[in-house]
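Novice: Okay, structure incoming, though there's no sequence with it:
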Ligand SMILES: [Zn+2]
């Protein structure tokens with residue numbers, strides 16, 4: 001090799017080594033010492049300190065004045081910050097590699113310690129709730145100004161809490177009641193096997209593996225996988241239907257006992273929302289299905305199909321360029337996209353990479369999916385992802401980094417208690433970040449095909465989160481409606497409800513295989529015990545952020561501090577208040593329509609480059 005080639009080769013190798021090093025996170029920052037013995041010791045201290053708090057405060061909260069409540073809340077926060085690092089260290093180490101012995105043991109110690117702390121400190125919210133309900137003026141006391149909304153949320157739950165004995169009884173009965181149904185569904189699903197022919201060879205696969213083919217670029221494999229799965233699941237409709245019925249009827253019973261006026265109430269309280277906002281959001285979706293259907297028809301053209309089939313809905317475009325994005329490219333594009341929006345945010349994104357707070361390496365034993373774990377004490381966050389160099393991976397990374405920015409801003413502005421952001425607002429930084437990335441990638445795209453691929457990623461996600469998720473909301477509503485009317489829901493009856501909800505969204509834009517009537521059997525959240533209507537916050541988030549992005553396009557740089565203020569507010573204000581500060585009314589359809597307008601604009605852009 002010539003001298004220059006040797007040098008280039010060395011440079012290339014060192015670049016690869018740096019990228020590899022950068023792709024593995026550094027968890028040591030979370031703890032003073034990484035010695036597992038010392039971490040376990042710290043966890044033991046956490047439990048004994050929690051028990052000390054209990055012995056000092058249990059039964060005494062009822063007599064507190066504002067100053068006393070402030071003291072208690074600050075004590076609780078200081079406790080959480082003190083031990084957060086050790087807890088995260090064990091959890092994240094295990095998530096990154098569940099086959100590692102030390103990680104397994106530490107994670108187990110964390111779980112046990114957390115359970116004990118939870119049991120020891122559960123009295124705080126219960127006693128505090130009772131006190132605030134009997135003395136509502138405390139919520140508005142100036143001494144507690146920073147905790148106002150935090151306390152309001154506790155008060156909102158109070159009327160629905162049962163007596164201590166009843167609560168214990170519910171927990172005891174749930175374990176073998178509604179939670180057992182949830183577990184049965186999940187265990188049954190994960191132990192089914194499916195036989196599918198791939199390249200002339202018969203393969204037997206568990207559920208977790210066969211669903212990998214849903215996104216295959218090979219249309220036939222996508223079709224076969226779904227056909228095989230739902231044909232198989234349909235045969236067990238008695239199991240699925242019994243589980244859905246039990247979970248829904250249990251919820252109706254709990255609504256009666258806990259005095260929740262509708263099956264939605266529990267979820268609205270959890271998500272810090274109200275009926276009015278929910279109704280106008282869902283109405284907007286219902287009135288705009290034509291736009292989604294228009295996109296599906298455009299996508300069919302891009303795929304050279306007369307009509308999309310169910311297995312094409314989120315499939316990659318066949319003509320997408322085979323471009324890959326090495327880690328360093330992703331870092332450059334994402335950091336620049338955020339920096340073009342705001343210098344400070346761009347610097348924080350850069351810091352996330354510099355301090356190695358991302359774990360992107362693909363390895364055995366790593367949990368699937370991608371997420372961002374806050375680290376409040378460090379005013380930062382950690383991100384886990386399996387980075388495979390595809391454009392969708394770049395999007396996922398930009399998304400998770402948006403969550404990190406939310407944590408950076410909130411933890412620098414708010415008390416830790418105000419950093420527990422509900423799902424409808426929690427997706428603001430992340431989806432906004434994806435749109436910033438879109439803007440940058442579209443500007444840089446050289447070919448029509450590249451632009452199509454970018455827009456299809458954005459619109460597929462929009463369609464999934466705003467529209468397909470709405471079908472699930474309509475379906476869940478119809479289940480309760482049917483039970484209320486005294487109808488018996490067997491597998492076929494539930495399937496009919498699912499088809500009605502599904503078709504309300506997709507109209508005639510999609511050709512469904514007959515077996516897709518069993519789609520509901522595999523969706524875990526219909527079976528989640530004590531966690532109903534889990535889905536609409538995603539619809540909320542999607543339209544909310546599209547509306548914000550539109551505002552950004554209208555107001556330019558003036559909008560930047562407004563978005564930062566919204567993120568910095570954490571959970572110190574309700575979504576309704578946060579939107580009002582931006583001049584939005586989330587109870588009006590007009591607001592949601594603004595988000596829809598942005599989606600329409602993306603659809604029009606795509607139509608123009610067909
Ligand atoms: Zn997210």
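Specialist: Happy to help now that I have it. Just so we're clear, the structure is a prediction, and the values are computed from it rather than from any experiment. Numbering: from 1, shown residues only.

Novice: show me the residues around the residue nearest to the spatial centre of the chain that make contact.
Specialist: Nearest to the geometric centre of the chain sits residue 423, at 6.8 Å (C-alpha atoms, centre = their mean). Neighbouring residues of residue 423 by C-beta atoms under 8 Å, 6 or more residues apart in numbering: 271, 537, 538, 541. For glycine as for every other residue, the C-beta is placed from the backbone atoms N, C-alpha and C.

Novice: Among those, which ones are in strands?
Specialist: Judged by DSSP state E, strands contain none of the contacts of residue 423.

Novice: By neighbours, which of those residues wins?
Specialist: In terms of neighbours by other C-beta atoms under 10 Å, the contacts of residue 423 top out with residue 537 at 26 neighbours.

Novice: Let me know the pLDDT of that residue.
Specialist: At residue 537, the model reports a pLDDT of 93.

Novice: Would you agree residue 581 is in contact with residue 566?
Specialist: Yes: Residue 581 lies in contact with residue 566 (C-beta atoms under 8 Å); the separation is 7.4 Å.

Novice: Give me the nearest residue to residue 99, chain neighbours excluded.
Specialist: In space, and not counting its chain neighbours, residue 99 is closest to residue 365: 3.7 Å by C-beta to C-beta, 6 or more residues apart in numbering.

Novice: Any idea how many residues pack against the one you found?
Specialist: By the measure other C-beta under 10 Å, the count of residues near residue 365 is 13.

Novice: Wasn't it part of a helix?
Specialist: No: when the secondary structure is assigned by DSSP: H, G, I helix; E, B strand; the rest coil, residue 365 falls in coil instead of a helix.

Novice: Provide the secondary structure category for residue 197.
Specialist: strand.

Novice: and the contacts of residue 423 as JSON lines, adding distance to residue 476?
Specialist: Shown next, in JSON lines, are the contacts of residue 423 (distance: C-beta to C-beta, whole Å):
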{"residue": "271", "distance to residue 476": "14"}
{"residue": "537", "distance to residue 476": "13"}
{"residue": "538", "distance to residue 476": "13"}
{"residue": "541", "distance to residue 476": "18"}
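
Novice: Closest to residue 343 out of those residues?
Specialist: residue 541 (25.9 Å; C-beta to C-beta).

Novice: where in this structure is pLDDT low?
Specialist: Residue ranges of the chain with pLDDT under 70: 1-3, 10, 13, 15-16, 18.

Novice: does residue 463 really touch residue 293, like I thought?
Specialist: No: judged on C-beta under 8 Å, residue 463 makes no contact with residue 293 at a distance of 9.8 Å.

Novice: Residue 128: neighbour count?
Specialist: Using other C-beta under 10 Å: residue 128 sits among 22 other residues.

Novice: State the helix or strand in which it lies.
Specialist: Following DSSP states H and E, one finds residue 128 within helix 101-134.

Novice: Now do that helix: which elements does it pack against?
Specialist: helix 36-57, helix 66-96, helix 148-157 (3 or more C-beta pairs under 8 Å, 6 or more residues apart in numbering; DSSP states H and E).

Novice: where exactly do the strands run in the stretch 251-400 of the chain?
Specialist: Here the stretch 251-400 of the chain has its strands, by DSSP state E, counting those that start in this stretch, at 308-309, 358-359, 371-375, 380-384.

Novice: Nearest to residue 189, out of the ones you listed?
Specialist: strand 371-375 (21.9 Å).

Novice: Check the burial of the nearest residue to residue 164 once chain neighbours are set aside by counting its neighbours.
Specialist: Once flanking residues are discounted, residue 164 sits nearest to residue 126: 7.4 Å by C-beta to C-beta, 6+ apart. Neighbour count for residue 126, taken as other C-beta under 10 Å: 16.

Novice: From residue 455, how far off is residue 126?
Specialist: From residue 126 across to residue 455, the span is 50 Å (C-beta to C-beta, to the nearest Å).

Novice: quick revisit: which ones among the contacts of residue 423 are found in helices?
Specialist: In this view, these that belong to helices under DSSP state H are 537, 538, 541.

Novice: Out of the residues you listed, the closest to residue 509 would be?
Specialist: residue 538 (20.9 Å).

Novice: who's in contact with residue 370?
Specialist: 383, 384, 385, 386, 396, 397, 399, 400.

Novice: Please check those and keep the buried ones.
Specialist: 383, 384, 385, 386, 396, 397, 399, 400 (16 or more other C-beta atoms under 10 Å).

Novice: And residue 446, how far from residue 454?
Specialist: 12 Å.

Novice: Of the two, which one has the most company?
Specialist: Using other C-beta under 10 Å as the criterion, residue 446 and residue 454 rank with residue 454 on top: 24 against 8.

Novice: Find the helix or strand that that one is a member of.
Specialist: Going by DSSP H and E, residue 454 is part of helix 448-462.

Novice: Can you name every helix or strand that that helix contacts?
Specialist: Packing contacts for helix 448-462, counted by 3+ C-beta pairs under 8 Å, 6+ apart, involve helix 289-302, helix 391-413, helix 428-444, helix 536-555, helix 589-608.

Novice: Only the buried residues of that helix, if you could.
Specialist: Residues of helix 448-462 classed as buried: 449-462 (neighbour count, 16+ other C-beta under 10 Å).

Novice: Identify the residues contacting the nearest residue to residue 584 once chain neighbours are set aside.
Specialist: In space, and not counting its chain neighbours, residue 584 is closest to residue 591: 4.9 Å by C-beta to C-beta, 6+ apart. Residue 591 sits next to 280, 547, 579, 584, 585 when contact means C-beta under 8 Å, 6+ apart.

Novice: make it 7 Å
Specialist: 547, 584, 585 (C-beta atoms under 7 Å, 6 or more residues apart in numbering).

Novice: Tell me the buried residues within the residues you listed.
Specialist: Taking 16+ other C-beta under 10 Å as the criterion, what is buried in the contacts of residue 591 is 547, 584.
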